[in-house]
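Visitor: with the input below, show me the fold.
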Amino acid sequence: MNRVGLFEPVGTRPQFRHRGLATALMLGGLQRLRERGMQAALVTAIHPGKEEKSTEFTSSRFVFEAVGFQLLCRAYMYHKVFATTV
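Guide: Okay, the predicted model is just below:
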């Protein structure tokens, strides 16, 4: 057992933002992970914005950093669209 807890992407819909919901959810989850013996936690997120300063990138990032997460690495996703054959 590696004692690392994992949050899947966490966020709130735009109409529910700025109410502390995501922060409360993250803090509650972190507390439960500690109670179960986890020594670290990870959260993964894909930020659909093409720029680092896009709203999608910063909104969840601020929540993650507010509860103590630090950026570990950035992953890049590549894709290729195949031409349609007739």
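Visitor: after the helix or strand encompassing Gly5, which helix or strand is next?
Guide: Element membership for Gly5 (DSSP states H and E) is strand 4-7. Next along the chain after strand 4-7, taking DSSP H and E as the criterion, comes helix 21-35.
Visitor: show me what that next one is packed up against.
Guide: strand 4-7, strand 40-43, helix 55-66 (3 or more C-beta pairs under 8 Å, 6 or more residues apart in numbering; DSSP states H and E). Just so you know, the C-beta spots here come from the backbone N, C-alpha and C atoms, and that holds for glycine as well.
Visitor: pLDDT below threshold where in this protein?
Guide: Counting by pLDDT under 70, the chain contains low-confidence residues at 46-58.
Visitor: contacting residues around Leu33?
Guide: Leu33 makes contacts with 5, 41, as judged by C-beta atoms under 8 Å, 6 or more residues apart in numbering.
Visitor: out of the helices and strands packed on helix 21-35, nearest to Ala24?
Guide: Proximity to Ala24 (C-beta to C-beta) singles out helix 55-66 among the helices and strands packed on helix 21-35, at 10.1 Å.
Visitor: that concludes my questions; thank you for your assistance.
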